[in-house]
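Next come a sequence and a model predicted from it.
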Amino acid sequence: MTPFRTPGPDPHASALDRRGFLTLAVAGAAASAFTVTIGTMAAPTLPAHAAEGAALAPRKRELRAMWISSVVNIDWPSRTGLTADQQRAEFLHWLDVAEQFRLNAVFVQVRPTADAFWPSPYEPWSQYLTGVQGQDPGYDPLAFMVDEAHARNLEFHAWYNPYRVSMQADPAKLVAEHPARQHPEWVWAYGGKLYFDPGIPEAQEHIQRAILHSVEHYDLDGVHFDDYFYPYPVAGQAIPDAATFAAYGAGFGDIADWRRHNVDTFVRTISERIKQAKPWVKFGISPFGIWRNRATDALGSATGGSQSYDMQFADTRRWVLEGWLDYINPQIYWQFGLAVADYAALVPWWADVAAQSGTHLYIGEALYKVTSGVFTDPAELANHLDFDREVDAAGTPVHGNVYFSAKHVPADPNGSMSLVRERHYAHPAIVPAMEWLPATAVRPPVLTNADRTADGNRLAWNDAVPGDARATSFAVYRVDGDGSVDIEDAGALVATVRAADGVRQEWTDTAAEPGHAYTYAVTALDRVWNESAPSATRTVR
């Protein structure tokens, strides 16, 4: 994602937010279209078990992900100019981190500023790879990242910033072949950066073609946008699109409605084109956490912060209700009890909206605010997940959580991520299936062997017979002793394993205790995580 904003001025915020962008407070006359309020801390209302720190039963299905940011080298690559081997090694480290904390997906920024982390015919190589825009890094980073994530059975969501062209405002500093240099009429400067004008149809088409090229040529699991549509407002500056509105705004009496129409059209159209290209690829957006405040709109949340509907001209609620998204991932980067944007007010609001269309809901979590000291309670994030479970149990599903950003996960500030792992991620989890995506009828595996070895209990099974649909991955279940295996028991899930080439599959349970009896079963999963019935069981004594 891009830098996430607080709902109002945050006295604890550093000058640079998560994506390296300045966090700017909107105040005075410049804020007339927005609500910006400084909140005060109140005592959080937590579920009783959260207040007591009690662990909950594990969930078999939930998304657990982290954002890996590339803009200004926030996470990966750690700096420009690394060799291809160094870049690859760093990325493998992030996958190690994902496995260590039992995550099952990564959201990786592959188009941070109208550039590319793959050989694109539409935009130049990203400067955040080599330090030089347009310079070939010597390998295909996107192909490498997708292959390595899948080898560990992690979902790979490619993350794009649609409109941002550059983190600086001088077009002359872009390579000569850059589309912003070739079509200067598509671009304007604002707040010290360059942007494609969302109101120009040709610019929208270019952005969509650039994104769709990666969808068509790589085995992506998801296409992901963050909170940047029209830019966050800068005090004293007006968005320079009056001429575009004059040219394309016929029928719109209000420029704000026209801007929202532009973003709506972009979101709807790219959603349709992704599904036309590959119906199984998920499309999701991670907007600023407040759509509108109830004081402004009766349909809004009980909050008092800046509103994405008015600030980025992003009608995120509509996108969910219209079914244009497979998932919505709001950045609810605030703590319990923050009056201006209380986590306990926003999660139920988003869950209710998402439940109306069946869109999956993932909650964006501000792990970086533990590092910065804004979240003073090390259990803040673990308590968030406790609360999400309560909302989910009430019949408005919360399907998972995504953490910003990757570098804070292994840093584990104040033990906060370790606490999340201990209380919520003690077992693996399968990514939730979306019933509207195309399913593959995979057969149950045939578990042929379960033997004790020096390295652990080695399982072997056969995938589908020739002519049947192949599984994409497998789930392995284990119970103590010699008994039945309930695959709906999340505590029995011990691993998910990517399918290897060929019919025969193997996996070793290195965590099995020598001399202890275990019974195993295996299921097959298709590429969108639909699960077969279990194999027959086998016991290792």
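Nice, thanks for sending it over.

what about the helices in the stretch 1-150 of the chain?
In the stretch 1-150 of the chain, the segments counted as helices under DSSP state H, counting those that start in this stretch are 48-52, 84-100, 127-130, 141-151.

Of these, which is nearest residue 474?
Residue 474 sits nearest to helix 141-151 of all the helices of the stretch 1-150 of the chain, at 13.5 Å, using C-beta to C-beta. Where you see a C-beta, it was placed from the backbone N, CA and C, and this is true even at glycine.

which of the helices of the stretch 1-150 of the chain is buried the deepest?
helix 127-130 (a mean of 22; mean count of other C-beta atoms under 10 Å).

tell me which helix or strand of the protein sits lowest on mean pLDDT?
Lowest on mean pLDDT, DSSP states H and E among the helices and strands of the chain sits helix 48-52, with a mean of 49.

residue boundaries of the helices in the stretch 401-541 of the chain?
Using DSSP H, counting those that start in this stretch, the helices of the stretch 401-541 of the chain run over residues 408-411, 416-424.

what do you get for the stretch 251-400 of the chain?
255-277, 308-311, 316-321, 343-357, 368-372, 380-393.

Check which helices and strands the first one sits against.
In terms of contacts (3 or more C-beta pairs under 8 Å, 6 or more residues apart in numbering; DSSP states H and E), helix 255-277 is packed against helix 201-217, helix 242-248, strand 282-285, helix 316-321.

Domains in the chain, by residue range?
Residue ranges for the domains of the chain, per automatic domain parsing: 28-421, 446-540.

for the chain, what are the low-confidence residue spans?
1-55 (pLDDT under 70).

Which residue lies nearest the spatial centre of it?
Central residue of the chain (C-alpha atoms, centre = their mean): residue 107, 4.8 Å from the mean position.

Now render the helices of the stretch 251-400 of the chain as JSON lines, adding mean neighbour count.
Shown next, in JSON lines, are those (neighbours: other C-beta atoms under 10 Å):
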{"stretch": "helix 255-277", "mean neighbour count": "18"}
{"stretch": "helix 308-311", "mean neighbour count": "24"}
{"stretch": "helix 316-321", "mean neighbour count": "21"}
{"stretch": "helix 343-357", "mean neighbour count": "21"}
{"stretch": "helix 368-372", "mean neighbour count": "21"}
{"stretch": "helix 380-393", "mean neighbour count": "22"}
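
could these be laid out in JSON lines, adding distance to residue 466?
JSON lines is the format used below for these (distance: least, C-beta to C-beta, whole Å):
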{"stretch": "helix 255-277", "distance to residue 466": "29"}
{"stretch": "helix 308-311", "distance to residue 466": "51"}
{"stretch": "helix 316-321", "distance to residue 466": "43"}
{"stretch": "helix 343-357", "distance to residue 466": "40"}
{"stretch": "helix 368-372", "distance to residue 466": "50"}
{"stretch": "helix 380-393", "distance to residue 466": "41"}
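
Out of these, which is closest to residue 87?
helix 368-372 (23.0 Å).

for that closest one, packing partners?
helix 408-411.

Quick check: buried residues in the helix it packs on?
408, 409 (16 or more other C-beta atoms under 10 Å).

what does stretch 67-87 give?
Applying 16+ other C-beta under 10 Å to stretch 67-87 flags 67-77, 80, 82, 84, 87 as buried.

likewise stretch 184-201?
Here stretch 184-201 shows 186-191, 193-200 as buried, counting by 16+ other C-beta under 10 Å.

now do stretch 436-455
The neighbour-count check on stretch 436-455 (16+ other C-beta under 10 Å) flags 437, 439, 440, 442, 443, 444, 445, 446, 447, 450, 452 as buried.

Tell me how far residue 287 lies from residue 364.
To residue 364, residue 287 is 9 Å away according to C-beta to C-beta, to the nearest Å.

Need the residues touching each of those two.
Taking C-beta atoms under 8 Å, 6 or more residues apart in numbering as the contact criterion, the common neighbours of residue 287 and residue 364 are 329, 330, 331.

Select from those residues the one having the most neighbours.
residue 329 (30 neighbours; other C-beta atoms under 10 Å).

mind checking which of the helices of the stretch 1-150 of the chain is nearest residue 348?
For the helices of the stretch 1-150 of the chain, proximity to residue 348 was assessed by C-beta to C-beta; helix 48-52 is nearest, at 14.9 Å.

Surely residue 400 is in contact with residue 62?
Yes - under the criterion of C-beta atoms under 8 Å, residue 400 makes contact with residue 62 at 4.4 Å.

Contacts only, for the closest residue in space to residue 248 that isn't next to it in sequence.
Leaving aside its chain neighbours, residue 248 sits nearest to residue 199 (5.3 Å; criterion: C-beta to C-beta, 6 or more residues apart in numbering). Residues near residue 199 by C-beta under 8 Å, 6+ apart: 241, 244, 245, 248, 249, 258, 259, 262.

so how far is residue 523 from residue 408?
Residue 408 sits 34 Å away from residue 523, going by C-beta to C-beta.

what do you get for residue 304?
Applying C-beta to C-beta to residue 304 and residue 523 gives a distance of 47 Å.

Run through the residues that contact the residue nearest to the centre of the chain.
Counting by C-beta under 8 Å, 6+ apart, residue 107 has contacts 1, 65, 66, 67, 68, 157, 159, 222, 224, 402.

these two touch, right, the second one and residue 156?
No - applying C-beta under 8 Å as the test, residue 65 and residue 156 come out as separate, 10.2 Å apart.

Now for those two: what residues contact both?
Common neighbours of residue 65 and residue 156 (C-beta under 8 Å, 6+ apart) are 105, 106.

Please say which of these two ends up with more neighbours.
When residue 65 is set against residue 156 and neighbours are counted by other C-beta under 10 Å, the residue ahead is residue 65, at 25 against 21.

for the more buried one, what are its contacts?
Per C-beta under 8 Å, 6+ apart, neighbours of residue 65: 103, 104, 105, 106, 107, 155, 157, 362, 400, 401, 402, 403.

got these as CSV, with distance to residue 377 columns?
Compiled in CSV, those are given as follows (distance: C-beta to C-beta, whole Å):
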residue, distance to residue 377
103, 22
104, 26
105, 26
106, 27
107, 26
155, 30
157, 29
362, 22
400, 22
401, 17
402, 20
403, 16
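
In strands, which of those residues fall?
Judged by DSSP state E, the contacts of residue 65 include 105, 106, 107, 155, 157, 362, 400, 401, 402, 403 as members of strands.

and which of these is nearest residue 296?
Using C-beta to C-beta, those come closest to residue 296 at residue 362, 25.5 Å.
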